[in-house]
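Colleague: got a structure for you, letters missing:
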């Protein structure tokens, strides 16, 4: 297991280098001059040329890439062209906001999706099975931006149960320590603020969880149906074990491998694909951060943001592979 883990970690290096090359060339294919955008259309050519020289944009592409990789290996993500702040310090609050939202959405998706899939398989062809799979089909097909707007209209505007946008109350802001507001409020013992933070998380979290929830429910049902037809499950039921223990202790453990794969992939997609949800709910996440950087041609921010998302994505896939052996002892990594 240890040797396999080391090999997989070493395999991440060429993946991340390839990702950095792809991002490096793609963002430079975006039309527009960053120096011209920063200074405005009324700036003189001399001022634009001077800023290009200061930012190193006049250097050949391979020189720019070498400088970027050299700084990256030392932990320096560079400075934002737009704000001039170090990206390594500036990006964490945005990434923490997306991480908190994604974890909350994935908790909802896994809890509801897995249990809905189990009950649908348990009572196959029942009314619950038909309703759950119909809702799962609707959840996969429903546009997130439409669902987010409907949530805001119904639950924030009409009924005023939840706030419409943002991460915290304007009147009582969270004293940030880790930039993960749930953890920060618990550390400080501010459970009144914790309640407010969860209210702000609910609407975007539910909107973001809809598609993963539907996919997990369908995958769980399919996998559970296959396992529940196995001989050892029939033997366990013949021995008189309660159906609850047969389903949750024996069937689920053996059916969870494909479900875990889907959960890992969906978690990676949530971290990188929450930009629509973040835009609708004014959530200050990394998706919005990168989107704004694209508008300003802020190359260092775009490169660093996408590279961090790629690193998280491949790390989640590595953890999922390692969890296979923990869930199923028949899987051995030599």
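Modeller: Everything's here; your move. Predicted, not measured: the structure shown is a model, and the values here were computed from it.

Colleague: centre of the chain versus the lowest-mean-pLDDT helix or strand in the chain, how much separation?
Modeller: Scoring the helices and strands of the chain by mean pLDDT, DSSP states H and E places helix 34-39 at the bottom, with a mean of 73. Taking Cα atoms, centre = their mean, to the nearest Å, the mean C-alpha location of helix 34-39 is offset from the chain mean by 31 Å.

Colleague: Which of the residues in it are classified as buried?
Modeller: Residues 34-38 are the ones in helix 34-39 that count as buried (16 or more other Cβ atoms under 10 Å). Backbone N, C-alpha and C define where each C-beta goes, glycine included.

Colleague: ditto for stretch 230-243
Modeller: Buried residues in stretch 230-243 (16+ other Cβ under 10 Å): 233, 236.

Colleague: burial measure for residue 63, as a count.
Modeller: 11 (other Cβ atoms under 10 Å).

Colleague: tell me which of the buried residues of helix 34-39 is nearest to residue 74?
Modeller: Taking Cβ to Cβ as the measure, residue 74 lies nearest residue 34 of these, at 23.6 Å.

Colleague: Could you find the closest non-adjacent residue to the closest one?
Modeller: Nearest residue to residue 34, sequence neighbours excluded (Cβ to Cβ, 6 or more residues apart in numbering): residue 297, at 3.7 Å.

Colleague: Just the helices from the stretch 201-334 of the chain, written as ranges.
Modeller: Under the criterion DSSP state H, counting those that start in this stretch, the stretch 201-334 of the chain contains helices at 231-238, 243-245, 252-272, 275-280, 286-295, 299-327.

Colleague: which residues touch the first one?
Modeller: This points to helix 231-238. Applying Cβ atoms under 8 Å, 6 or more residues apart in numbering, the contact partners of helix 231-238 are 227, 243, 246, 250-251.

Colleague: One more pass at 7 Å, please.
Modeller: Applying Cβ atoms under 7 Å, 6 or more residues apart in numbering, the contact partners of helix 231-238 are 227, 246, 250-251.

Colleague: got those residues as TSV, with pLDDT and distance to residue 26 columns?
Modeller: Compiled in TSV, the contacts of helix 231-238 are given as follows (pLDDT from 0 to 100; distance: Cβ to Cβ, whole Å):
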residue	pLDDT	distance to residue 26
227	91	43
246	87	51
250	83	48
251	88	45
